[in-house]
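I would like the atomic coordinates for the input below:
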Amino acid sequence: MSSNILITGAAGYVGGSIIADFLSSSSPVLKGSRITAAVRSDEQAKLLSESGINVLQLDLTDEKAVVESLVKHNINIVIHTASSLDLTLALNLLAGLAEQQKASGSKAYFIHTSGLSAFCPETGWPQGVMKDSGPIFETEKQLADSFSLRKTDVTITETAKALGITSFIVVPSTVYGKGTGQWNQLSVIFPIAVQASIKQKSVSKFPEDGNIAGVHISDLTELYGLIVKKILQGSGDTIPNGTHGHYFAIAHEMAWWETLGRLAAAMEARGLVASSETQVWTSDEAAAEATGVPAIFVEIFFNSSANIIVDNAFKLGWKPTWDKARFFENIDDEVVSVLELGKAKSSLIDSLFLAAKN
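The predicted structure is shown next:
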């Protein structure tokens, strides 16, 4: 099955890495498909075009433009990484896929990127362990009004079903590692922690420890690739999808205090902090000021965990190559990336401030 794949957020960390890894893949099915990057700005379009990438400069808030573009370019698979919070963008893309599906008669597929915070007790998710092959959608629907990410996930799944579009929701955990995209190669959580620590000359933690789930960017893009390959091989409607189609990208867990201790040791070795001993934030407001994350979200952002057992991804054949030991052995890479690349070119924090305001 030859397809035209549109990846939104292509100038971002995750979207850019998906494009780069897809284009460098040796997979015959991926090589046989046309991959297009959706970006916002002239500067982003110019950089990606000069790198030999098919680029579509598109305002995802403009439904008419989105629909016309998806039909014109015969897009039948969308991987949406531009925003997990802004429901309007996803609905516009679904409308475009629906029109393309009518015009071409070919099946359309939508892969949405959510966030692990929707599945954390800190945001109202039930305590206890749950498999991602279990009643994830039903639980999200019951709790949709209490957290915006859950509302977005549920609306996307139900809208896609009503339009006859097969949907999947990928839920990344804490992503680390240097990305492979052209525009932004920095993740979010660890670079912000590193930058705040450099500013303060110390690494700080919240008063209560917790486990966080992690995944290397290369393992995350591999999961997207597995879903797309199944679609291209004609089994996109037989693997878990729709109300059963949550795919959690959780490769391993790690204790947050231990992780920050390792980070502090790496930063002390480089003379970036005064001590390998971690400090404790005096308040959420102090953490917010140092990290630049809204106070209402700061502890969820850095210190939330989800008791989800990965099932769907492993059934697809997902085999993460990074575990906790490998991450800890290479944690200095997170510091080096910040020193080399500076601040991440991410709109996520802006989205959080908007959500906090609303």
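
Show me the longest helix that occurs in the protein.
helix 87-104 (DSSP state H).

right, and the helix or strand after that one?
strand 109-113 (DSSP states H and E).

From the contact counts, what lies against that next one?
strand 77-80, helix 87-104, helix 148-163, strand 166-172, helix 217-232 (3 or more C-beta pairs under 8 Å, 6 or more residues apart in numbering; DSSP states H and E). All C-beta spots, glycine's among them, are computed from the backbone N, C-alpha and C.

Would you reformat those as a markdown table and include distance to residue 188 and mean pLDDT?
As requested, the helices and strands packed on strand 109-113 are exported to a markdown table (distance: least, C-beta to C-beta, whole Å; pLDDT from 0 to 100):
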| stretch | distance to residue 188 | mean pLDDT |
| --- | --- | --- |
| strand 77-80 | 17 | 98 |
| helix 87-104 | 19 | 97 |
| helix 148-163 | 15 | 97 |
| strand 166-172 | 10 | 98 |
| helix 217-232 | 11 | 97 |
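
how is this structure carved up into domains?
4-175+215-249, 187-213+253-305+323-357 (automatic domain parsing).

so which of the ones you listed comes closest to residue 312?
domain 4-175+215-249 (4.9 Å; C-beta to C-beta).

Any idea how far apart the tips of the closest one sit?
Start-to-end span of domain 4-175+215-249 (C-alpha to C-alpha, to the nearest Å) is 25 Å.

Figure out how far it is from the centre of its chain.
Relative to its chain's centre, domain 4-175+215-249 lies at 10 Å (C-alpha atoms, centre = their mean, to the nearest Å).

who are the neighbours in contact with the closest residue to residue 266 other than its chain neighbours?
The shortest distance from residue 266 to any non-neighbouring residue, by C-beta to C-beta, 6 or more residues apart in numbering, is to residue 332 (4.3 Å). Residue 332 makes contacts with 266, 269, 270, as judged by C-beta atoms under 8 Å, 6 or more residues apart in numbering.

if we can go back for a sec, can you put the domains of the chain in a markdown table and add distance to residue 181?
Converted to a markdown table, these look like this (distance: least, C-beta to C-beta, whole Å):
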| stretch | distance to residue 181 |
| --- | --- |
| domain 4-175+215-249 | 2 |
| domain 187-213+253-305+323-357 | 10 |
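
And those, which one averages the lowest pLDDT?
With a mean of 88, domain 187-213+253-305+323-357 has the lowest mean pLDDT of the domains of the chain.

Now do residue 96 against residue 155, distance only.
Distance, residue 96 to residue 155, by C-beta to C-beta, to the nearest Å: 16 Å.

Who has more neighbours out of these two?
When neighbours are counted by other C-beta atoms under 10 Å, residue 96 and residue 155 differ, and residue 96 comes out ahead with 28 against 16.

quick one on the thing from earlier: mind putting the contacts of residue 332 into TSV with neighbour count?
TSV is the format used below for the contacts of residue 332 (neighbours: other C-beta atoms under 10 Å):
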residue	neighbour count
266	22
269	12
270	12
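
Residue 213 pairs with what?
Beta-bridge pairing of residue 213 under DSSP bridges involves residue 253.

Which residues are in contact with it?
Residue 213 touches 116, 173, 174, 250, 251, 252, 253, 305, 306, 308, counting by C-beta under 8 Å, 6+ apart.

Make JSON lines out of these and add neighbour count and distance to residue 72.
Putting the contacts of residue 213 into JSON lines (neighbours: other C-beta atoms under 10 Å; distance: C-beta to C-beta, whole Å) gives the following:
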{"residue": "116", "neighbour count": "26", "distance to residue 72": "35"}
{"residue": "173", "neighbour count": "24", "distance to residue 72": "36"}
{"residue": "174", "neighbour count": "23", "distance to residue 72": "38"}
{"residue": "250", "neighbour count": "23", "distance to residue 72": "38"}
{"residue": "251", "neighbour count": "24", "distance to residue 72": "38"}
{"residue": "252", "neighbour count": "18", "distance to residue 72": "43"}
{"residue": "253", "neighbour count": "18", "distance to residue 72": "45"}
{"residue": "305", "neighbour count": "19", "distance to residue 72": "44"}
{"residue": "306", "neighbour count": "23", "distance to residue 72": "40"}
{"residue": "308", "neighbour count": "22", "distance to residue 72": "39"}
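
This completes my enquiry, with thanks.
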